[in-house]
Each structure stands twice: as C-alpha cells, then as structure tokens.
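Peer 1: got a structure for you, letters missing:
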C-alpha cells in the first residue's frame, strides 16, 4: 500500500506536468510571444530540471554538514524537501494563470463570457489541487511524517497559489509574457522529482505485490488527466 501511494503521487505529478503545465505553456507562448513556442517550453523545462538538480545538491550538502555535527543521518530528508519544493513551484504558475484570467477583465474588456471563463479556470485549478495535495501528503506519510504534519505540509504547498493569483492580477501584462516560461519551468521540476525520486522509491521491495506501484502510477496519472481534460 505504501508503494501504491507513492506511485499515485508520481502519476499525478507526471500528468500535471503535461496537462496543467506544458500544454498551457505551449498555447500561451503561441498566443502571446513572438519567440517560437518550442523554444520557450524547452528553455523553461530544462531550467526547471536544472533548478531542482542544483537544489538537490545543495540540500544534500547541507544534510551532510548537519549529520557530521549531530551524528544522526537522515537519508530521506532531501527527498521530502524536493517533493514539497516541486509541488510548490508547480502551484505558483497556476496561481498566476488564475490572476491573469481575472486581471484581463479590467480596462473595459469585461463581459459575462470572459468572467465565466475566468471562474471556470479558477474552479478547474482548485479541483486539480486535491490530487496535487495528496501527491505531497501521501509520500510524506510514507516517510514516517505524522498525519497532522503531512496534512499541514500538503496544505502549505498550495498557499502560494492565492499569493501568485494576486500578483498575476496586479501585473497582468508583464506576467502574461512571463507565464509560459514559468509553466514549463514547473513542469521540468516536477518531472525530475517524479523520475529521480518517487518512481525508483515506489518500486523497492516489490516481491510480494509487484504491480502495486505500477497501478498507483497509472491511477494517479488517470485521475489527474481526467480532471485536467474534463475541466479544460
């Protein structure tokens, strides 16, 4: 069951990387930027992966320094940090997208259709946050973190969204230009964490139920894909 939960989180992150991040990044780059969409998404994607790689190295070095001082090594600490950081990074451009959608309603461009479109974006992203919160809380619980702390950290990872929404609404023109890069950046960060940390971890000790981790990945991907495609 632990492998199943961790696999579910990996599946959610992989699906969200494309349906919630890369696909909107391509569409927004084509609509708002003169730079080719393939170049924008590639730069952002590789930048996100590089950022997480550097973060992993930094956290590992800090952990080793702390271990040498306290004498109590914690081998899974950097995995927890990377997981929370990747989901938090993913929520920032989603919050910006909601803010931009509502920010564009000002300046005399308000219509009932545009308002309902912005509302649907906010509702869709809000519903997507349920499995994304589980993608943080379930692996943390698997690593031995208490139920209460796992829940609170899952909630905290999503608190950046309303903050980013306010920023997106206030700086709608500038943020709209930056948003495709931010979406692709978050996708690169999430893919690196899912492939490097979550998938290998959920496939350990699979001798008794070898397909539990695989079913978890497929289930997580299917749930996230269903929500993203159904809600647009």
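Peer 2: Here it is on my side, so go on. For clarity, every value in this text was computed on a predicted model and none was experimentally measured.
Peer 1: Could you report the neighbour count for residue 113?
Peer 2: 8 (other C-beta atoms under 10 Å). C-betas here are computed from N, CA, C, even on glycine.
Peer 1: On the C-terminal side of the helix or strand where it lies, identify the next helix or strand.
Peer 2: Element membership for residue 113 (DSSP states H and E) is helix 112-142. Next along the chain after helix 112-142, taking DSSP H and E as the criterion, comes helix 147-158.
Peer 1: For the longest helix seen in the chain, which helices and strands make contact with it?
Peer 2: In the chain, assigned by DSSP state H, the helix with the most residues is helix 37-70. In terms of contacts (3 or more C-beta pairs under 8 Å, 6 or more residues apart in numbering; DSSP states H and E), helix 37-70 is packed against helix 23-32, helix 77-103, helix 172-193.
Peer 1: tell me what the shortest one is packed against?
Peer 2: To tie it back to what came earlier, the one meant is helix 23-32. Applying 3+ C-beta pairs under 8 Å, 6+ apart, one finds that helix 23-32 contacts helix 37-70, helix 172-193.
Peer 1: any idea how far residue 64 is from residue 215?
Peer 2: Distance of residue 215 to residue 64, given as C-beta to C-beta, to the nearest Å: 36 Å.
Peer 1: the more surrounded of the two?
Peer 2: Set residue 215 next to residue 64 and count neighbours by other C-beta under 10 Å: residue 215 wins out with 15 against 12.
Peer 1: Now the more buried one: closest residue in space, sequence neighbours ignored.
Peer 2: Closest residue to residue 215 apart from its sequence neighbours, by C-beta to C-beta, 6 or more residues apart in numbering: residue 4 at 6.5 Å.
Peer 1: Give the helix, strand or coil label for the one you found.
Peer 2: helix (DSSP: H, G, I helix; E, B strand; the rest coil).
Peer 1: Quickly note the distance from it to residue 118.
Peer 2: Distance, residue 4 to residue 118, using C-beta to C-beta: 37 Å.
Peer 1: One more: residue 12?
Peer 2: Noted for residue 12: a distance of 25 Å to residue 118, by C-beta to C-beta.
Peer 1: Those two: which is more packed in?
Peer 2: The neighbour comparison of residue 12 against residue 118 (other C-beta under 10 Å) goes to residue 12, with 33 against 21.
Peer 1: which residues sit in contact with that one?
Peer 2: 131, 132, 134, 135, 220, 221, 223, 224 (C-beta atoms under 8 Å, 6 or more residues apart in numbering).
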